[in-house]
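Visitor: Take this sequence and fold it.
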Amino acid sequence: MRLSRASAVVLRQYYLLKGSPSRIFPLFAWVAVDIVLWGFITRYLGSITATPGMSLLPSLLGAVLLWNFLTRVMHGVTMAFFEDVWSRNFLNVFATPLSISEYVLGLVLSSIATSSVGLVVMLVVAGAVFGLSMFIYGAMLVPFILVLFLFGIALGIIGIAVVLRLGPSAEWFIWPIPALLSPFVGVFYPLSTLPSWMQGLSRLLPPSYVFEGMRAIVNGGSVSWTSLLAGGGLAVFYILLAAFFFTRVFRHAVRTGLIARYSAESVS
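Guide: Numbering: from 1, shown residues only. As a prediction, this is how the structure comes out:
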């Protein structure tokens, strides 16, 4: 065994990191998100330990389930796209009469199928193992899931647009998106736990209205329909914005020839 040969492997990784911001980003992003997220969770749990009769299971486990559903929706769109990229089939798809809108619709329909299966599995496991029934949220479960689904689709479309513009190695920018957003949307704690500047950003994110409503129901209160409609309106707006962004990126990639210059080793 020679240290010089092992050093050659380290040197290769160094040059990969040096020439690829998308590989450097995850090195610090996950650590920062974990510290921020669990810091606010700890603060929230510390504030409610003296509250009698409050059950954390429906609040925390329900939040995990709904947030995981949004993540699965987003990844359902991006993974279907990545499969074409990894297999170098993306250009072949457009050798057919398939239009770009039809291709994106196919990705969305695929995401509906995969995320629905995941949601059913999560509901069954949560009920069988922990006795948690999501029906405690009543009829509000439907708009909750709808808002999260629409926003997840928007994130997925934005994600594939970023990869289309920057190249396949930019997928490392896409995986952390849900984790980076989670501290701002109050998945595990109310928005009042956040500093004022973070609360301002939270109001621009549709999931924050869902999780605030979820906690209101668990605590015996009611959901503000005005807030939930605001969350739904924002989700629709983000889908329109994502569609516009993807269309512009796709046209740019076709016009400049970038669509034919994919490389797993570089971002151009």
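
Visitor: Tell me which helix or strand comes right after the helix or strand bottoming out on mean pLDDT in the chain.
Guide: Of all helical and strand segments in the chain, the minimum by mean pLDDT, DSSP states H and E falls on helix 21-48, at a mean of 61. Next helix or strand after helix 21-48 toward the C-terminus (DSSP states H and E): helix 56-86.

Visitor: Can you name every helix or strand that that following helix contacts?
Guide: Contacts defined by 3 or more CB pairs under 8 Å, 6 or more residues apart in numbering; DSSP states H and E place helix 56-86 against helix 90-93, helix 100-130, helix 141-166, helix 171-174, helix 177-185, helix 206-218. Yep, even glycine has a C-beta here, placed from its N, CA and C like the rest.

Visitor: I'd like to know which of those is closest to residue 198.
Guide: Of all the helices and strands packed on helix 56-86, helix 177-185 sits nearest to residue 198, with 6.0 Å by CB to CB.

Visitor: And the residue nearest the centre of the protein?
Guide: Residue closest to the mean C-alpha point of the chain, counted by CA atoms, centre = their mean, is residue 178 at 3.4 Å.

Visitor: I figured that residue hits residue 155, correct?
Guide: Yes: judged on CB atoms under 8 Å, residue 178 makes contact with residue 155 at a distance of 7.4 Å.

Visitor: Quickly list what's touching both of those two.
Guide: Common neighbours of residue 178 and residue 155 are listed as 70, 74 (criterion: CB atoms under 8 Å, 6 or more residues apart in numbering).

Visitor: Can you give me the pLDDT of residue 154?
Guide: Among the per-residue scores, residue 154 shows a pLDDT of 95.

Visitor: and the gap between it and residue 148?
Guide: Using CB to CB, to the nearest Å, we find residue 154 at a distance of 11 Å from residue 148.

Visitor: Residue 82 too?
Guide: From residue 82 to residue 148 the distance is 22 Å (CB to CB).

Visitor: These two: which is more packed in?
Guide: The neighbour comparison of residue 82 against residue 148 (other CB atoms under 10 Å) goes to residue 148, with 27 against 18.

Visitor: which one of the helices and strands packed on helix 56-86 has the lowest average pLDDT?
Guide: When I compare the helices and strands packed on helix 56-86, helix 90-93 is least confident, with a mean of 73.

Visitor: and it, what other elements does it pack with?
Guide: Helix 90-93 sits against helix 56-86, with contacts defined as 3+ CB pairs under 8 Å, 6+ apart.

Visitor: got the angle between the helix it packs on and helix 141-166?
Guide: Calculated by axes from the mean of the first three to the mean of the last three CA atoms, to 10 degrees, helix 56-86 forms an angle of 30 degrees with helix 141-166.

Visitor: Pull out the buried residues from helix 56-86.
Guide: By neighbour count on 16 or more other CB atoms under 10 Å, the buried set for helix 56-86 is 58-63, 65-82, 84-85.

Visitor: what residues are up against residue 111?
Guide: Taking CB under 8 Å, 6+ apart, we find residue 111 in contact with 73, 74, 76, 77, 80, 152, 153, 156.

Visitor: what's residue 236 in contact with, if anything?
Guide: Each residue near residue 236 by CB under 8 Å, 6+ apart is listed here: residue 150.

Visitor: switch to 10 Å and redo it
Guide: For residue 236, the contact set (CB atoms under 10 Å, 6 or more residues apart in numbering) comprises 147, 150, 151, 154, 206.

Visitor: Format the helices and strands packed on helix 56-86 as JSON lines; extra columns: distance to residue 238.
Guide: JSON lines is the format used below for the helices and strands packed on helix 56-86 (distance: least, CB to CB, whole Å):
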{"stretch": "helix 90-93", "distance to residue 238": "24"}
{"stretch": "helix 100-130", "distance to residue 238": "14"}
{"stretch": "helix 141-166", "distance to residue 238": "4"}
{"stretch": "helix 171-174", "distance to residue 238": "16"}
{"stretch": "helix 177-185", "distance to residue 238": "12"}
{"stretch": "helix 206-218", "distance to residue 238": "7"}
